[in-house]
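A.B. asks: Sequence and predicted structure, then a few things I'm wondering about:
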Amino acid sequence: MERKLNLGVIGLGGRAASLLGVFRRVHSGLRVAAVADPDRDGVRHRLRNAEVPDRDTAFFPDADEMLRHAGDLDALMIGTRCNIHTPIAVNAAPTGLPLYLEKPVAISHEQIVALRDAYRGREKSVVVSFPLRVTPLFRKVMEVVESGRLGVVNQVQVVNYVPYGGVYYARETYRDFDVTGGMWLQKATHDFDYLNALLGTPTAVSAVMTRKAYGGDMPHDLRCSACDLADTCLESPQGVARRGDDGGVGTSDHLCVFGDGIKLQDAGAALLAYEDGSHASYTQNFLSRRSAASRGATVTGYEATLSFDWYKGTVTVIDHHRDRVDSFNVRATSGHLGGDEALARNFVDVCLGRDESRTDLASGLLSAAMCLAARESAHTQRWTPVGDVYLETFPNRVAPIQPTPLHVEPA
């Protein structure tokens, strides 16, 4: 019989419920012992859908009340809206319990500092929800890279062409910039994390962002059900039904994606400089649909080039100096491209003292700092330092930073 794990959950929405279902599948002894969420009926419905028992679950109206009973718990999970991930995690830190923390871990420099200080020395007791890094496909990528087959790597090109991007402009919780921090923190935080696994320590970012399709001059709170243009609009439930692909907006009534006041970009790009002299380019686009979807990267070294794409489930290695091409098919078997199950197993192992976090808080803080640097750079149109989140002066912006120029010997 598996050891019991009493988990306390703060903020139990759809994402948290689906993860709890995975947690239970990998460790049947895990029990949702306590939940802090004002929507008790909604929580019970989501738990039932995820096949997670709630017979003995204690419900609390807020996080503070639940944390006063933390002595009955073995671990915590925070799945609230993004802007309160940090304050709740900081309040939970004195419990000393292992923590599963949704991304982004912070949405401002002040939050990064607060979270850093609250968990200093205990970063590996926190599992950040970065599933891409632990997917079977990316583990294969790292196996090839670490084998040395690519030789010296000088560049990585990362793409994230999101086929469900409409969701970020149609749902109130996603399109509120003050809650989410914007699309760098919503999407690039995952991609920057696995990029760091490939290249190491980032130093500076230069970024641009665009909003040309979504947003507009329609009323901000207009819903499709009250719109005279719904019959012809591509993003309405009627339009979705005609095209057969919901693009993330869904088939039910939703907010107008062309509403005024939407601050989110619908495309962004960044150049990232790394400590070892390598660099990366990153592109995110939220207009891609159907088979235009792509998420992955091309890693170029002296000996070979490696390309991978999670949507296709493929890894391809092309040798440069011999006639050899290897292709691997690595299909996901669970949510988030196979990463959710790996995260769940790691979290259970952290709770049981069998392992440390594979996606720890330090990686979450660094990724958040990169996203904030990209956001700042896109507004200032300057190279922006990422900063060392463990320096007391973080995020000291003394002067615009330029990557170190190459030294080229004269001919």
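C.D. replies: It's in. Numbering: from 1, shown residues only.
A.B. asks: in stretch 286-295, what's buried?
C.D. replies: By 16 or more other Cβ atoms under 10 Å, the buried positions in stretch 286-295 come out as 286, 287, 288, 289, 293, 294, 295. For every residue, glycine as well, the C-beta is placed using N, CA and C.
A.B. asks: Show me what it is in contact with.
C.D. replies: Residues lying outside stretch 286-295 but in contact with it, judged by Cβ atoms under 8 Å, 6 or more residues apart in numbering, are 159-163, 165-166, 168-169, 183, 191, 213-214, 245, 247, 265-267, 309-312, 337.
A.B. asks: And for stretch 52-61?
C.D. replies: In this structure, residues lying in contact with stretch 52-61 by Cβ under 8 Å, 6+ apart are 17, 20-21, 24, 31-38, 40, 43-44, 47-48, 66, 69.
A.B. asks: Please repeat the previous calculation with a cut-off of 6 Å.
C.D. replies: 20, 21, 24, 32, 34, 35, 36, 40, 44, 47, 66 (Cβ atoms under 6 Å, 6 or more residues apart in numbering).
A.B. asks: Dump these into CSV; add neighbour count, pLDDT and distance to residue 148 as well.
C.D. replies: Written out in CSV, the entries for the contacts of stretch 52-61 read as follows (neighbours: other Cβ atoms under 10 Å; pLDDT from 0 to 100; distance: Cβ to Cβ, whole Å):
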residue, neighbour count, pLDDT, distance to residue 148
20, 26, 97, 40
21, 18, 95, 39
24, 19, 96, 40
32, 27, 98, 45
34, 23, 98, 48
35, 25, 98, 48
36, 25, 98, 48
40, 15, 94, 54
44, 15, 96, 52
47, 21, 96, 47
66, 24, 97, 49
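A.B. asks: Farthest-apart pair in those, please.
C.D. replies: Between any two of the contacts of stretch 52-61, the greatest separation by Cβ to Cβ is 21.0 Å, found for 21 and 66.
A.B. asks: Give me the below-cutoff pLDDT ranges for the chain.
C.D. replies: 1, 334, 396-411 (pLDDT under 70).
A.B. asks: Just the ones of the contacts of stretch 286-295 in strands?
C.D. replies: 159, 160, 161, 267, 309 (DSSP state E).
A.B. asks: Dump the buried residues of stretch 286-295 to CSV, plus distance to residue 197 and secondary structure.
C.D. replies: Compiled in CSV, these are given as follows (distance: Cβ to Cβ, whole Å; DSSP: H, G, I helix; E, B strand; the rest coil):
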residue, distance to residue 197, secondary structure
286, 24, coil
287, 28, coil
288, 24, coil
289, 29, coil
293, 22, coil
294, 19, strand
295, 15, strand
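A.B. asks: Specify which member of those residues is nearest to residue 114.
C.D. replies: Comparing the buried residues of stretch 286-295 against residue 114 with Cβ to Cβ places residue 286 closest, at 30.1 Å.
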